[in-house]
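Based on what follows, work out the 3D shape:
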Amino acid sequence: MPNVLLNSSENTMKSRKQPANSRGRLLSPDQQVKRARLLAPPLADPCDNSNDSGFGIDFPEDESLCGIPRPTTSDNSISLVVISQPESQHRARYQTEGSRGAVKDANGQGHPVVKLEGYDGPATLQVFIGVDDEHSVNPHLFYQACRVSGKTASPCVENCVAGTKVLELTFCKENQFTVICDCVGILKQRNVDVAQRVENSGAQKSRKKNTRCRLVFRTRVELPNGMTETLQVMSNSIACTQLPGMPEILKVSKTSAPFTGGKELFVLGKNFLKDTRVIFQGNGWNHEVVPDKEYLQPTHLVCTIPPYSGPSTVSEIVEMYVRSNNRQSEAIQFTYNLPDGRWGQQTAQPPPENNVADLLQDLMTTETLPTQSVSSVEKFLHDIEQQPAPVNAPPQPASGNQFFMVASQIGGPVLNPIVN
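Okay, here's the model as predicted:
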């Protein structure tokens, strides 16, 4: 008897063993809760009336997904409308990675919304991924719809129609025949599977990989006369690739240059696309430079430094940044070195250039000038006038050094030489 109790207690301890994963490792309490949620049966859809005889209208088995968008019935009484368009860019999920989430709306706060107007009967909404063509409906070869699960995601059923994944949701009166597509994701197909699918269908393989798609919504309704029609509407275009990051400047070959520019500038960075531009700006002046296309790569570029024409005296510090895909990098400082004597708008005007002969004439009229020196000044002025001028060249005034020599010889006041 004691042995029986012992064995029963051992069995009880074994049955109460803490759950473990496939590798035999014990699960934490949080992991156990997540595992229980995954193994739990799905919640019942409050709009789910699949057990009733009037749950939607079945699509004909031989009806193709291809066709022309037709959002309104022939009598214009019923229409399928996209209330909220999807986002313009959604990174598709690869089969070897986790979920990328459901497609959001254009505002990024919600999800696409579809409404069936003018109809109060049972209806089912089908969603699949189509090509980026606003004039015709065709399933996409490289992208398929996939179901995205979540606590608040709308229940849906995943079916396969002619090799295309189709998600089915339910229109119900409680929601005014409005469906929030918060369970629709985009799955990227493997190139091998696409090639096999094209080979089996006998279609011609296209070398161009189309990375844009559209969500296709369709439903089947019954008209008052008893006839049934299929309504199809497409969303706006969606880019399924990841957007490039912000352009970034890591290193430049020069941080300063003469105001005349003209030198080559090498920039090392990231995310430089074909529309990349290098911008120089500062103090009310800006200049846009197009990089050399031959050396434009995603990680580096070469451009020519533009000349600086803004107001300054000695040097000017401007900002330089890169703009690409309507995004711009952080600005770095770039210095323009201006030569001495360059006068800008913010400085005083330089002194007027006086003629040396006029200065000597004024010197002769001063009272401090000795009388015997007047003849020397007159002789110097006479020699300047007698000097032959070059052909087709304007007469040049006397040199300041000559003026300094004459002034020192005649014993006049001490003057500094003027260099023209």
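
Would you quantify the distance from residue 332 to residue 186?
Going from residue 332 to residue 186 by C-beta to C-beta, to the nearest Å gives 39 Å. In short, each C-beta sits where N, CA and C put it, glycine included.

The two: who's more crowded?
residue 186 (23 against 14; other C-beta atoms under 10 Å).

Please spell out the segments of this structure that come in under the pLDDT threshold.
1-25, 27, 29-63, 201-209, 313, 339-420 (pLDDT under 70).

can you pull out the helices in it?
With helices called from DSSP state H, the chain shows them at 2-15, 29-39, 191-201, 356-364, 374-386, 400-409.

Now do the contacts for the nearest residue to residue 224 once chain neighbours are set aside.
In this structure, residue 224 finds its nearest non-sequential neighbour in residue 77, 7.8 Å apart by C-beta to C-beta, 6 or more residues apart in numbering. Contacts for residue 77 were tallied using C-beta atoms under 8 Å, 6 or more residues apart in numbering; they are 118, 223-224.

Show me the domain layout of this protein.
Taking automatic domain parsing as the criterion, the chain consists of the domains 79-239, 248-337, 356-409.

Dump those into CSV; add distance to residue 70 as well.
Converted to CSV, these look like this (distance: least, C-beta to C-beta, whole Å):
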stretch, distance to residue 70
domain 79-239, 5
domain 248-337, 36
domain 356-409, 84
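
Residue 67: which of these is closest?
domain 79-239 (5.1 Å; C-beta to C-beta).

Endpoints of the closest one, how far apart?
27 Å (C-alpha to C-alpha, to the nearest Å).

Then stretch 237-254?
Taking C-alpha to C-alpha, stretch 237-254 runs 43 Å from one end to the other.

quick one: contacts for the closest residue to residue 305 other than its chain neighbours?
Using C-beta to C-beta, 6+ apart and skipping the chain neighbours, the partner closest in space to residue 305 is residue 261 (4.4 Å). Residue 261 sits next to 304-308 when contact means C-beta under 8 Å, 6+ apart.

and if you look at residue 279?
Neighbours of residue 279 in contact, by C-beta under 8 Å, 6+ apart: 286-289, 320-323, 328.

Recalculate using a threshold of 10 Å.
Going by C-beta atoms under 10 Å, 6 or more residues apart in numbering, residue 279 touches 286-289, 318-323, 328-329, 331.

can you check residue 285 too?
The contact partners of residue 285, taken as C-beta under 10 Å, 6+ apart, are 306, 308-312, 316, 318, 336.

quick one: residue 331 from residue 309, how far?
Residue 331 is 20 Å from residue 309, where distance means C-beta to C-beta.

The two: who's more crowded?
Per other C-beta under 10 Å, whichever of residue 331 and residue 309 has more neighbours is residue 331, with 16 against 11.

Report whether the expected contact of that one with residue 278 is present.
No: look at residue 331 against residue 278 with C-beta atoms under 10 Å: they stay out of range, at 11.2 Å.

what sits in contact with each of these two?
Common contacts of residue 331 and residue 278, defined by C-beta under 10 Å, 6+ apart, comprise 249, 320-322.

Select from the residues you listed the one having the most neighbours.
Top of those by neighbour count (other C-beta under 10 Å): residue 322, with 26 neighbours.

Provide a list of residues in contact with that residue.
Contacts of residue 322 (C-beta under 10 Å, 6+ apart): 246-249, 267, 269-272, 276-279, 291, 301, 303, 328-332.

those strands in the stretch 1-150 of the chain, which residues are they?
Under the criterion DSSP state E, counting those that start in this stretch, the stretch 1-150 of the chain carries strands at the ranges 79-84, 113-117, 123-131, 143-147.

so residue 178 touches residue 115, yeah?
Yes: between residue 178 and residue 115 there is a contact under C-beta under 10 Å: 4.6 Å.

list residues touching both of those two?
Common neighbours of residue 178 and residue 115 (C-beta under 10 Å, 6+ apart) are 81, 83-84, 171.

Who wins on neighbours among those?
Top of the shared contacts of residue 178 and residue 115 by neighbour count (other C-beta under 10 Å): residue 171, with 24 neighbours.

right, and that residue touches residue 78 too?
No: Residue 171 is beyond contact range of residue 78, at 11.5 Å (criterion: C-beta under 10 Å).

and for these two, which residues touch both?
Listed as contacting both residue 171 and residue 78 by C-beta under 10 Å, 6+ apart are 116, 119-121, 123, 219, 221.

In ChimeraX, select just the buried ones from these.
Buried residues among the shared contacts of residue 171 and residue 78 (16 or more other C-beta atoms under 10 Å), as a ChimeraX selection:
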select :116,119,123,219,221
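
May I see the shared contacts of residue 171 and residue 78 arranged in TSV, with distance to residue 28 as well?
Output for those, formatted as TSV (distance: C-beta to C-beta, whole Å):
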residue	distance to residue 28
116	45
119	50
120	50
121	49
123	45
219	45
221	50
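
And the shared contacts of residue 171 and residue 78, which is closest to residue 106?
When the shared contacts of residue 171 and residue 78 are compared against residue 106 (criterion: C-beta to C-beta), the nearest one is residue 116, at 21.0 Å.

Now that closest one: closest residue in space that isn't a chain neighbour?
residue 177 (4.3 Å).

who's in contact with the one you found?
80, 114-121, 123, 125, 170-171, 219.

cool, residue 110 as well?
The contact partners of residue 110, taken as C-beta under 10 Å, 6+ apart, are 84, 104, 180-182.

Provide the backbone phi and psi angles at residue 241.
phi -100, psi 160 (degrees, to the nearest 10).

Isn't it up against residue 211?
Yes: at 4.7 Å, residue 241 counts as touching residue 211 under the criterion of C-beta under 10 Å.

Between the two, which contacts overlap?
With C-beta under 10 Å, 6+ apart, residue 241 and residue 211 have common neighbours 92, 188.

Surely residue 164 is in contact with residue 131?
No: when contacts are counted by C-beta under 10 Å, residue 164 is not listed as touching residue 131 (11.5 Å).

Bridge partners for the residue lying closest to residue 281 once chain neighbours are set aside, pull those for me.
With sequence-adjacent residues excluded and distances taken as C-beta to C-beta, 6+ apart, residue 281 is closest to residue 319, at 5.7 Å. Beta-bridge pairing of residue 319 under DSSP bridges involves residue 281, residue 333.
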